[in-house]
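**Q** Below: sequence and its predicted model.
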Amino acid sequence: MRRTPASPIIRRQTSLKSRLLRAIVLIALWGFIALVVITNLGFSLGWYNDTLVSLYLLFNLKAHANSAFLLLALVLLIVVPLYCAWRWLHLRKGVRA
């Protein structure tokens, strides 16, 4: 009998409550990130209105924050794929054992 290769994907059902909570948290985080990026972009392009000024003061953003955000994004673009590849290999080894 021929053995099929095992998939390294772990399939486990999570509860609906847990999935909804994760969805709400992720939507809130992405919404916040979009708001900060739009605020920075607005100030970079010279769009000044009361709402943008209020958001800028609320977030306490700095002029050099754009370079810090860019550096953070570049670091994440490098670190996340490396971690994913390491985790994938780790899961594949566990399946073979």
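**A** Sure thing, it's come through. Numbers count the residues shown, from 1 in each chain.
**Q** Name the residues of the helix or strand encompassing residue 42 that are buried.
**A** Remark: residue 42 resides in helix 16-44, with elements defined by DSSP states H and E. The neighbour-count check on helix 16-44 (16 or more other Cβ atoms under 10 Å) flags 36, 39-40, 42-43 as buried. (Each C-beta comes from the backbone N, C-alpha and C, glycine too.)
**Q** Out of those, which is nearest to residue 80?
**A** residue 36 (19.5 Å; Cβ to Cβ).
**Q** Let me know whether the closest one touches residue 60 as I believe.
**A** No - if you go by Cβ atoms under 8 Å, residue 36 and residue 60 don't touch, sitting 10.9 Å apart.
**Q** Can you tell me the SS state at residue 48?
**A** Classification of residue 48 using DSSP: H, G, I helix; E, B strand; the rest coil returns coil.
**Q** Skip the chain neighbours and tell me the closest residue to it.
**A** Leaving aside its chain neighbours, residue 48 sits nearest to residue 42 (7.9 Å; criterion: Cβ to Cβ, 6 or more residues apart in numbering).
**Q** how close does the one you found get to residue 34?
**A** 12 Å (Cβ to Cβ, to the nearest Å).
**Q** Over to residue 59?
**A** From residue 59 to residue 34 the distance is 13 Å (Cβ to Cβ).
**Q** likewise residue 67?
**A** 19 Å.
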